[in-house]
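S.K.: the following block contains a protein sequence and its predicted model.
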Amino acid sequence: KNEVEQSPQNLTAQEGEFITINCSYSVGISALHWLQQHPGGGIVSLFMLSSGKKKHGRLIATINIQEKHSSLHITASHPRDSAVYICAVLWGGGADGLTFGKGTHLIIQP
Amino acid sequence: ETGVTQSPTHLIKTRGQQVTLRCSSQSGHNTVSWYQQALGQGPQFIFQYYREEENGRGNFPPRFSGLQFPNYSSELNVNALELDDSALYLCASSLDLSGGEQFFGPGTRLTVL
């Protein structure tokens, strides 16, 4: 079964710390998404990657296709970054929708 | 604001009943996917529609069915509701089938008693 693994499951850090969340997957993909979900359910798309690196504000996402691994980094973390961060992949065929990791529950303390 | 809306926000049904959930995608988005997210779990893929045809389906029984309309709206229908169907139901729209950016709706919280 194709799987997506995320780590850590839970992360508590102090405001200002550099945060890294990791995602690995089992087979080739056509795209990888990093998503943010706040309490109450709404999901926001942060990045869609198929190669390399993307940056938006304090968020950076990287992907290594050969190693089947992606990371999401948050620089100068802030309490408003507290949320669940989810890695989701679209497998090569594309007709199976996104497969989601279990998410990383991030809490940034002031 | 993604431009994807879902209705209703919350819904309570009893076991055995039928429910219809609605999603309005961004204009021009030909693909809509539906996901079920049980409490504390990641979303699970139910099915995907592209230009009004079912294009892919996850591991859900036939009592989960869908429709997509030319006006970029879609429906998820669930028959013979079971207690385990209680979950947050999310729709996500995208331009096409190439795996591009997904725009999620706020979800419908379904409780089955």
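M.R.: Cool, got the structure. Numbering: from 1, shown residues only, chains lettered A, B, ... in the order given.

S.K.: which bits of chain B sit near chain A?
M.R.: By C-beta under 8 Å from any C-beta of the partner chain, the residues of chain B that approach chain A are B:2, B:33, B:35, B:37, B:41-48, B:55-56, B:58, B:88, B:90, B:92, B:97-104, B:106-107, B:109. All C-beta spots, glycine's among them, are computed from the backbone N, C-alpha and C.

S.K.: same thing but 7 Å
M.R.: B:33, B:42-43, B:45, B:48, B:55-56, B:58, B:88, B:90, B:97, B:99-104, B:106-107 (C-beta under 7 Å from any C-beta of the partner chain).

S.K.: give me the buried subset of these.
M.R.: B:33, B:42-43, B:45, B:48, B:55-56, B:58, B:88, B:90, B:97, B:99-100, B:102-104, B:106-107 (16 or more other C-beta atoms under 10 Å in any protein chain shown).

S.K.: in contact with B:R57, which residues?
M.R.: B:F47 (C-beta atoms under 7 Å, 6 or more residues apart in numbering or on different chains).

S.K.: kindly recompute the last result at 8 Å.
M.R.: Listed by C-beta atoms under 8 Å, 6 or more residues apart in numbering or on different chains, the contact set of B:R57 reads B:I46, B:F47, B:Q48.

S.K.: the second one: neighbouring residues, count only.
M.R.: B:F47 has 21 neighbouring residues, counting by other C-beta atoms under 10 Å in any protein chain shown.

S.K.: gap between A:H33 and chain B?
M.R.: 6 Å (C-beta to the nearest C-beta, to the nearest Å).

S.K.: beyond the helix or strand that residue falls within, next helix or strand please.
M.R.: Here A:H33, judged by DSSP states H and E, is contained in strand A:29-37. Once the chain leaves strand A:29-37, the next helix or strand it forms, by DSSP H and E, is strand A:43-49.

S.K.: picking up where we left off before, now, which of the buried ones among the residues of chain B next to chain A lie within helices?
M.R.: Judged by DSSP state H, the subset of these located in helices is empty.

S.K.: can you pull the contacts of A:K54?
M.R.: Taking C-beta under 8 Å, 6+ apart, one finds A:F47, A:I60, A:A61 in contact with A:K54.

S.K.: and which of those is nearest A:F100?
M.R.: For those, the closest approach to A:F100 (C-beta to C-beta) belongs to A:F47, at 14.8 Å.

S.K.: the closest one is in contact with A:W34, isn't it?
M.R.: Yes: here A:F47 reaches A:W34: they are 4.6 Å apart, a contact under C-beta atoms under 8 Å.

S.K.: now do the shared contacts for those two.
M.R.: With C-beta under 8 Å, 6+ apart, A:F47 and A:W34 have common neighbours A:A61, A:L72.

S.K.: okay, these two: which has more neighbours?
M.R.: Looking at A:F47 and A:W34 with other C-beta under 10 Å, you find the greater number of neighbours at A:W34, namely 24 against 20.

S.K.: ok, now how distant is the more buried one from chain B?
M.R.: 11 Å.

S.K.: neighbours around the nearest residue in space to A:K55 that is not next to it in sequence, how many?
M.R.: Excluding the flanking residues, the one nearest A:K55 by C-beta to C-beta, 6 or more residues apart in numbering or on different chains is A:A61, at 7.9 Å. By other C-beta under 10 Å, the residues close to A:A61 number 23.
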